[in-house]
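A predicted structure for the sequence below; I have some questions about it.
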Amino acid sequence: MSSPAIKFENISKQYRLGTIGTGTLSHDLNRWWAMNIRGREDPYLKIGQVNDRAAKAAGDYIWALRDIDFEVKQGEVLGIIGKNGAGKSTLLKILSRVTTPTIGRIMARGRIASLLEVGTGFHPEMTGRENIFMNGSIMGMTKAEIRRKFDEIVDFAGVEKYIDTPVKRYSSGMTVRLGFAIAAHLEPEILVVDEVLAVGDAEFQKKAVGKMQDVSQQHGRTVLFVSHNMGAVSNICDSGIVLNNGELLYSSTAENAISKYLNLTQKGSIYTSTKKSGLFFRRISAVDNNLNDTSCFGISESPRLSIEINDFSTNNNHQNIILGVVLLDDLKNKVFTVDYDLSQHLKRRILNNNKVILEIPEKLIAPGNYSFLLAIHKPNVELF
């Protein structure tokens, strides 16, 4: 069994809200005495206050992270997922020593290369060539080691033409390509990548994902990967953790962690509109055989959508009106797309209240979590 490459022990990070000043001497001494000598929490923090970005702050301090404990094995690719503001980037900044934890400690074995945001570790006045050597030196590599990797880094980043140009003149895409190439090729034991890969184009993202897989599988390096792209997390990560409001909510395989996260972000099975006029969806819901609202179907049941459309009937001159339906899986990949002609009587039935009932044959989809995208439009004319 692989030994842990990274171990997080009771990691907590506290920030002060509002304008940061020196405060009073008694305030600082009381806080220092309570937290560093007596080992207690900050006396100025309201009890139970957590990092919930949807709630109004009740005190001057907030826990960005609270009691984070987990291990990452050597050669493991760990996906860190959660909503915006959950604490993902803060966790990686602590690991990368950009900031320090308020409580707890991290034990990491080997060199850490981090790509936390566009331009991480770059000096804008220095050229791409100079920044490669500077970053390698910071990681403890010799000039000979950096030279050996130099051509490979430049080729991967695709910036050979601009390698002797100051980085401040690079586009964000060029900067992140060079940053990732440096971080991945200078042989770190631990590679930390935040969601900056989204800045790159599709071709670079594919190369980056392949490189992370190669770093882990072929060279036994440890990778921590933060992304909102669940497809990428599923493809390259062995395990995953879910952060929510600064706390470790769940830790398991990547697939289980993704499922847990998606359950947190589900918007429900009923959609309603507040519009008053025109052609639009008034209400959409998933329904069972008896047309009762539901969000769960048995293996032998055909999922149905009840779609109530405002101002629609067969007598109001709405000709060639198309209802487009897209079924998405839990990674937001398209399963299929279907267009229903609402001007025809095929594949639909209209009830008295402008309601359309669509039935999806159960044999078309496997068990899992699904969502729908819908649109009403006249092809090549108007989107309602």
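Arrived safely, thanks for sending.

The stretch 101-250 of the chain: strands as residue ranges?
Using DSSP state E, counting those that start in this stretch, the strands found in the stretch 101-250 of the chain span residues 103-108, 112-115, 190-193, 222-226, 239-244, 247-253.

Would you give the sheet partners of the last one, along with the direction of each?
Within its sheet, strand 247-253 is paired with strand 239-244 (antiparallel), according to DSSP bridges.

Tabulate the CA atom coordinates of the strand it pairs with in PDB.
Only the C-alpha atoms of strand 239-244 are listed here, as PDB (Å, rounded to 0.1, in the frame of the first residue of the first chain):
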ATOM      1  CA  SER A 239     -10.500   9.700  -5.700                       C
ATOM      2  CA  GLY A 240     -12.300  12.900  -4.800                       C
ATOM      3  CA  ILE A 241     -13.300  15.100  -1.900                       C
ATOM      4  CA  VAL A 242     -16.300  17.400  -1.700                       C
ATOM      5  CA  LEU A 243     -15.900  20.700   0.200                       C
ATOM      6  CA  ASN A 244     -19.000  22.700   1.300                       C
END
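
what sits up against that strand?
70, 76-83, 86-88, 91, 233, 248-254, 256-258, 260-261, 264 (Cβ atoms under 8 Å, 6 or more residues apart in numbering). Backbone N, C-alpha and C define where each C-beta goes, glycine included.

For ChimeraX, write the selection for the buried entries among those residues.
Here is the ChimeraX selection string for the buried members of the contacts of strand 239-244, based on 16 or more other Cβ atoms under 10 Å:
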select :70,76,77,78,79,80,81,82,83,86,87,88,91,233,248,249,250,251,254,257,258,260,261
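
quick one: which of the contacts of strand 239-244 sit in helices?
88, 91, 233, 254, 256-258, 260-261, 264 (DSSP state H).

that older thread, for S273, which of the strands of the stretch 101-250 of the chain is the nearest?
With Cβ to Cβ as the criterion, S273 lies closest to strand 239-244 of the strands of the stretch 101-250 of the chain, at 29.6 Å.

For K93, grab the count of nearby residues.
19 (other Cβ atoms under 10 Å).

Go ahead and confirm it touches T99.
Yes. If you go by Cβ atoms under 8 Å, K93 and T99 touch, sitting 5.0 Å apart.

Leaving out chain neighbours, which residue sits closest to the spatially most central residue of the chain?
Centroid check for the chain by Cα atoms, centre = their mean gives H228 as the closest residue, at 1.8 Å. Nearest in space to H228, with sequence neighbours left out and distances taken as Cβ to Cβ, 6 or more residues apart in numbering, is E195 at 6.3 Å.
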